[in-house]
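Novice: Would you be able to build a 3D model of this:
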Amino acid sequence: MWGIIATWRMALEGIEKAEGMLKEGGDAGDAIEAAVREVEDFPFYKSVGYGGLPNEEMEVELDAAYMDGDTLDIGAVAAIKDFANPVSIARRLSKEQANNLLVGEGAEKFAHKEGFERKNMLTDRARIHYRNRKKEMVQSELKPYSGHDTVGMVCLDSKGKMTCATSTSGLFMKKKGRVGDSPISGSGFYVDSKVGGASATGLGEDVMKGCVSYEIVRLMAEGLHPQEACEKAVAHFDRELKERRGKAGDMSLIAMNNKGEWGVATNIEGFSFAVAVEGQKPAVYLTRQENGKCVHELATKEWMENYMKTRTAPLKEL
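Specialist: The predicted model follows:
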């Protein structure tokens, strides 16, 4: 059995690429890196990689992580600028015995030394988004923070190896140097080949308060199906935050165990995810809540067409 699952529709093309590799007996590390890079390189996905939305100083700072479920090796970068594929830098860092999480200038120096591609990640489209939001904030008192859709993935290959990875540009117009949950082990991601893996997207400041990805893997280790584990962890922590703080930020988790079984839970409307397993072609699902449970439905052709049409539509400056 092999499989791969990812947050959001934007991961579909990457999932399709990984599927081809996994079908041929490819490595879970290679497959997940290729899948995430596909998302990072597409300029119309404004929350990851090239074309990602900038911070309040109009700089694109990226976070990414990689974890090997066989060895528990972890690599991560945070607030890195001007490098094309942070997930690949994170994977390279996972091979180091120390210095596995690098930030800012330190991450950039490492990437340069290792020969990774330098690239200005701020696109003209992202500049327009930034300038429009600045005007909207003045006119309508809108909050700056939006567009924090992390791509997070969990992968299983036919040899039983599991990996997970994340990549994001973080909150739109965040403070310079802000880091969310995505590069933080146990919060944005966690994987153990003996059990399974999980990854998160949403408001990192809240996801980090509960180490939700690790909690899902822990519940799977106790014998819960990934769907049960996701629903239990997300519902419990959503409730805790509301009881203690009066509100809970966006939180959506995906998971897969070492049998290729998967699960998804969310506390928002309109969450989408992509998945492919042996015997099932890559597909996009939408999740809705019904009687305390998360129900997944295949995205319609109309929804899929509208998704791409919306994201690639020409932008005009206000």
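Novice: and the helix or strand where Glu19 lies, how far out from the chain's middle?
Specialist: Remark: Glu19 resides in helix 12-23, with elements defined by DSSP states H and E. The chain centre lies 16 Å from the centre of helix 12-23; the measure is CA atoms, centre = their mean, to the nearest Å.
Novice: What helices and strands are in contact with the next helix or strand after it?
Specialist: With elements assigned by DSSP H and E, the helix or strand that comes after helix 12-23 is helix 28-40. Applying 3 or more CB pairs under 8 Å, 6 or more residues apart in numbering; DSSP states H and E, we find helix 28-40 packed against strand 3-7, helix 12-23, strand 62-68, helix 86-93, strand 151-156, strand 162-168. C-beta here means a position set from N, CA and C on the backbone, and glycine is covered the same way.
Novice: Just put those in a markdown table and tack on mean pLDDT and mean neighbour count.
Specialist: What follows is the helices and strands packed on helix 28-40, written out as a markdown table (pLDDT from 0 to 100; neighbours: other CB atoms under 10 Å):
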| stretch | mean pLDDT | mean neighbour count |
| --- | --- | --- |
| strand 3-7 | 98 | 30 |
| helix 12-23 | 98 | 21 |
| strand 62-68 | 98 | 30 |
| helix 86-93 | 98 | 26 |
| strand 151-156 | 98 | 32 |
| strand 162-168 | 98 | 31 |
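Novice: for the chain, what spans make up the helices?
Specialist: 12-23, 28-40, 86-93, 104-113, 124-140, 204-207, 212-221, 226-245, 301-312 (DSSP state H).
Novice: any low-confidence regions in the stretch 101-250 of the chain?
Specialist: 141-148 (pLDDT under 70).
Novice: Could you rerun that using 90?
Specialist: 133-148 (pLDDT under 90).
Novice: now stretch 271-281: how far from the chain's centre is it?
Specialist: 15 Å.
Novice: Using PDB, write out every CA atom in that stretch.
Specialist: What follows is stretch 271-281, C-alpha atoms only, in PDB (Å, rounded to 0.1, in the frame of the first residue of the first chain):
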ATOM      1  CA  PHE A 271     -11.900  23.200   3.700                       C
ATOM      2  CA  SER A 272     -10.600  21.200   0.800                       C
ATOM      3  CA  PHE A 273      -7.900  18.500   0.600                       C
ATOM      4  CA  ALA A 274      -6.300  16.200  -2.000                       C
ATOM      5  CA  VAL A 275      -5.600  12.500  -1.600                       C
ATOM      6  CA  ALA A 276      -4.300   9.500  -3.600                       C
ATOM      7  CA  VAL A 277      -3.900   5.900  -2.400                       C
ATOM      8  CA  GLU A 278      -3.200   2.700  -4.200                       C
ATOM      9  CA  GLY A 279      -6.300   1.800  -6.100                       C
ATOM     10  CA  GLN A 280      -7.800   5.300  -6.000                       C
ATOM     11  CA  LYS A 281      -6.900   8.100  -8.400                       C
END
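Novice: In the protein, where's the longest strand?
Specialist: Assignment by DSSP state E gives strand 280-290 as the longest strand of the chain.
Novice: do you know how far Ser187 is from Phe273?
Specialist: 19 Å (CB to CB, to the nearest Å).
Novice: of these two, who's got more company?
Specialist: Set Ser187 next to Phe273 and count neighbours by other CB atoms under 10 Å: Phe273 wins out with 28 against 25.
Novice: before we move on, back to that, what angle do the helix holding Glu19 and strand 280-290 make?
Specialist: 130 degrees (axes from the mean of the first three to the mean of the last three CA atoms, to 10 degrees).
Novice: Give me the contact list for helix 12-23.
Specialist: Under the contact criterion CB atoms under 8 Å, 6 or more residues apart in numbering, helix 12-23 has outside partners 2-4, 6, 27-28, 30-32, 34-39, 42, 151, 153, 155, 157-158, 274-276, 281-282, 284.
Novice: Now the buried members of those.
Specialist: Buried members of these, scored by 16 or more other CB atoms under 10 Å, are 2-4, 6, 27-28, 30-32, 34-39, 42, 151, 153, 155, 157-158, 274-276, 282, 284.
Novice: Any chance of the helices and strands packed on helix 28-40 in CSV with distance to Arg218 as columns?
Specialist: Below are the helices and strands packed on helix 28-40 laid out as CSV (distance: least, CB to CB, whole Å):
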stretch, distance to Arg218
strand 3-7, 18
helix 12-23, 26
strand 62-68, 15
helix 86-93, 23
strand 151-156, 15
strand 162-168, 15
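Novice: quick one: Met58 and Arg127 touch, right?
Specialist: Yes. If you go by CB atoms under 8 Å, Met58 and Arg127 touch, sitting 7.1 Å apart.
Novice: related to what we said a few turns ago, mind putting the helices of the chain in TSV, distance to Cys164 included?
Specialist: As requested, the helices of the chain are exported to TSV (distance: least, CB to CB, whole Å):
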stretch	distance to Cys164
helix 12-23	13
helix 28-40	7
helix 86-93	11
helix 104-113	20
helix 124-140	27
helix 204-207	14
helix 212-221	8
helix 226-245	13
helix 301-312	24
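Novice: What's opposite Ile5 in the beta bridge?
Specialist: Val154, Val275 (DSSP bridges).
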